[in-house]
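Peer 1: What would the 3D arrangement of this be:
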Amino acid sequence: MARQASKSSLLFSGSDWDFKTLSRAYDAIEAIAVEELHLDTYPVQMEIISSQQMLDAYSSVGMPLMYRHWSFGKHFLYQDLLYRKGGRGLAYELVINSNPCIVYLMEENTMALQALVTAHAALGHNHFFKNNQLFKQWTDAGAILSYLDFAKGYIVRCEERHGLAAVEAVLDSAHALMAQGVFRYHRPPKLSSERQREGLRERLEYEEQSYNDLWRTLPPSQRKANDKGQDPERKKSLNLPEENLLYFLEKNSLVLEPWQREIIRIVRVIAQYFYPQRQTQVMNEGCATFVHYTLMNMLFDRGQISEGAMLEILRNHSNVVFQPAFDDPRFSGINPYALGLDMMQDIQRISTKPTAEDRDWFPDIAGHGNWREVLLGAWADHRDESFIRQYLSPALIRKWRFFVVGDAADQPHCQVASIHNERGYDEIRAALAHSYEVGANQPDIQVVDVDLLGDRHLRLQHKVNNGILLDDASRDATLRHIRRLWGYEVSLAAVDAETGVAIHERSTSQIAE
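Peer 2: Numbering: from 1, shown residues only. The predicted structure follows:
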């Protein structure tokens, strides 16, 4: 039992808060996080916002600075309508992967809830952003805010010079290709400094002044269609195949003006910034939830939080980790907060109180004792797919009642393919891990060939996995967007990923405008 807290030792009493109370609570929470959990975080900048400001943050993908685009306004109106009709609530907080780490707290929160979300976002998410290898490799937390400031100002200047419609057309096409605008296999360059961006601005202005449109009227060179002698060298010079469509268009399109290339680069940088978050939702939310739950209990055990405040904290915590059953109308898949927290707590259990089964499955950590070291290592080195593949235990599989259903399109019935036995545990864990693998669950579309000195026909290839083809309407709409940025014929060939056999091909000449 926790000792009875005296009023003088409490961090706060009642539901009201002020900035002094917030500061005192943060200092106490941070001290325990560093001493007991050994967390390493960026400096924190807390902002108090209203519900309307939170809805505005939703509309601009959570960023404190963002350029204008009609899709943000559309998203704002949709979220605002849902909120006003009671169709959804608002997040208690919002956190930005930046240095300093920006944390937005809702002004409507009670002080107990402010303490909870401070531990969750300002320490849990903050530590994960700073230490996870994916975020360290793929994002630049120290430069993102100044880059967004540059991007916002640059697009405003483009609107003033070239018109809203021209800028919006480029943004529409670039946004449509954002999912195919990231580097997955090699590290992108660091964001440029403010001085470098100023030099870039001057260079772009010079290029725009000296830009000559006459070359567009030149006829393509006559080359034999069956002349393949230069294909290997041509592809090598263009670094083909290329997975990042936006990058290829930015660097090689012959119809884009310098300002249009820079807008495409801005959209590409933002897409790359969010790429690690798509791969670490279970780990990121699991880390933050484990941190806030552990820290709040430690504060209560030390008599710094009252029983009433702790009950409110536990109620909000339970709401966050609630997992509806599959037949519940609220079910929308696996709750990443719930699965992440269970896996973190399971690692803690295996490290301190392992069973014989745990020792067979996790010989390196079972009975290790130092669960903090294991968790810190996992948070640093894994994404969702590898974390589940390595740490999901048979005990947790049984608790969640996981099993694998074989659902082949050519079979009239589904089949339960894996259950709770030795072979089944491995297959269930592998299947669940695969479902979180971003690369395996998004279309693999790459630029495979183009002749810049010939007909300039851009050839794309979609490697089809498990017979899953692209939706016809979205495929054709995407091809139109690529055609707008490329300026010439674009075709997309679908080939079987295993055999390489061509399935079908679609080109922009077949699509009605």
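
Peer 1: contacts, neighbours, all on C-alpha from now
Peer 2: Will do.

Peer 1: would residue 45 count as being in a strand?
Peer 2: Yes. Residue 45 forms part of a strand when assessed by DSSP: H, G, I helix; E, B strand; the rest coil.

Peer 1: Could you give the bridge partners of it?
Peer 2: residue 102 (DSSP bridges).

Peer 1: mind checking how far it is from residue 366?
Peer 2: 39 Å (CA to CA, to the nearest Å).

Peer 1: And the two? Which one has more around it.
Peer 2: residue 366 (23 against 15; other CA atoms under 10 Å).

Peer 1: That one - that's part of a helix, no?
Peer 2: No. Counting by three-state DSSP, residue 366 falls outside a helix, being coil.

Peer 1: show me the contacts for it.
Peer 2: 350, 351, 352, 353, 354, 358, 359 (CA atoms under 8 Å, 6 or more residues apart in numbering).

Peer 1: export those residues to JSON lines and tack on neighbour count and secondary structure?
Peer 2: Output for the contacts of residue 366, formatted as JSON lines (neighbours: other CA atoms under 10 Å; DSSP: H, G, I helix; E, B strand; the rest coil):
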{"residue": "350", "neighbour count": "22", "secondary structure": "helix"}
{"residue": "351", "neighbour count": "23", "secondary structure": "helix"}
{"residue": "352", "neighbour count": "16", "secondary structure": "helix"}
{"residue": "353", "neighbour count": "14", "secondary structure": "coil"}
{"residue": "354", "neighbour count": "21", "secondary structure": "coil"}
{"residue": "358", "neighbour count": "19", "secondary structure": "helix"}
{"residue": "359", "neighbour count": "15", "secondary structure": "helix"}
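
Peer 1: count of residues packed around residue 400?
Peer 2: 12.

Peer 1: whoops, I mixed them up, residue 258
Peer 2: Quick note: residue 258 (other CA under 10 Å) scores 16 neighbours.

Peer 1: and if you look at residue 10?
Peer 2: With other CA under 10 Å as criterion, residue 10 counts 16.

Peer 1: if you skip the residues just before and after it, what's nearest to it?
Peer 2: Nearest non-adjacent residue to residue 10, counting by CA to CA, 6 or more residues apart in numbering: residue 304, 4.3 Å away.

Peer 1: does the one you found sit in a helix or strand, and which one?
Peer 2: Using DSSP states H and E, residue 304 falls within no helix or strand.

Peer 1: all helices of the stretch 101-250 of the chain, in order?
Peer 2: Using DSSP state H, counting those that start in this stretch, the helices of the stretch 101-250 of the chain run over 111-117, 126-131, 133-138, 144-162, 164-176, 194-210, 231-237, 245-252.

Peer 1: Indicate which one of the ones you listed is closest to residue 311.
Peer 2: helix 111-117 (9.4 Å; CA to CA).

Peer 1: Looking at that closest one now, give me its mean pLDDT.
Peer 2: The average pLDDT for helix 111-117 rounds to 95.

Peer 1: what residues does that helix touch?
Peer 2: Outside helix 111-117, the residues that reach it (CA under 8 Å, 6+ apart) are 12, 14-17, 22, 25-26, 92-93, 105, 292, 296, 309-310, 312-313, 316.

Peer 1: Could you do stretch 278-286 as well?
Peer 2: By CA under 8 Å, 6+ apart, stretch 278-286 touches 125, 128, 277, 336-344, 379, 383-385, 387, 436-438.

Peer 1: So which of those residues belong to helices?
Peer 2: Residues of those located in helices (DSSP state H): 128, 277, 336-344, 379, 384-385, 387.

Peer 1: Name the helix or strand of the protein that has the lowest mean pLDDT.
Peer 2: helix 194-210 (a mean of 57; mean pLDDT, DSSP states H and E).

Peer 1: circling back: doesn't residue 9 make contact with the residue nearest to residue 10?
Peer 2: Yes. Counting by CA atoms under 8 Å, residue 9 is a contact partner of residue 304 at 5.7 Å.

Peer 1: out of the two, which sits in the busier spot?
Peer 2: residue 304 (23 against 12).

Peer 1: and that one, how far is that from residue 16?
Peer 2: 16 Å.

Peer 1: before we move on, the earlier item: can you flag the buried ones in the contacts of helix 111-117?
Peer 2: Among these, those classed as buried by 16 or more other CA atoms under 10 Å are 12, 17, 22, 25-26, 92-93, 105, 292, 296, 309-310, 313.

Peer 1: Same list, those, but as CSV with distance to residue 255 and secondary structure please.
Peer 2: Listed next are the buried ones among the contacts of helix 111-117 as CSV, based on distance: CA to CA, whole Å; DSSP: H, G, I helix; E, B strand; the rest coil:
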residue, distance to residue 255, secondary structure
12, 62, coil
17, 57, coil
22, 54, helix
25, 56, helix
26, 53, helix
92, 46, coil
93, 43, strand
105, 45, strand
292, 52, helix
296, 57, helix
309, 62, helix
310, 61, helix
313, 57, helix
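
Peer 1: What is the nearest of those to residue 465?
Peer 2: Nearest member of the buried ones among the contacts of helix 111-117 to residue 465, counting by CA to CA, is residue 93, at 38.2 Å.

Peer 1: show me what contacts the closest residue in space to that closest one that isn't next to it in sequence?
Peer 2: Leaving aside its sequence neighbours, residue 93 sits nearest to residue 105 (CA to CA, 6+ apart; 4.8 Å). Contacts for residue 105 (CA under 8 Å, 6+ apart) come out as 46, 47, 48, 49, 92, 93, 94, 114, 117.

Peer 1: Mind giving me the PyMOL select for those, buried ones only?
Peer 2: Selection of buried members from the contacts of residue 105 for PyMOL, criterion 16+ other CA under 10 Å:
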select buried, resi 46+92+93+94+114+117
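
Peer 1: from the contacts of residue 105, which is closest to residue 233?
Peer 2: For the contacts of residue 105, the nearest to residue 233 is residue 94 (48.8 Å; CA to CA).

Peer 1: Over to the closest one: give its phi and psi.
Peer 2: When read as degrees, to the nearest 10, the backbone of residue 94 gives phi -150, psi 140.
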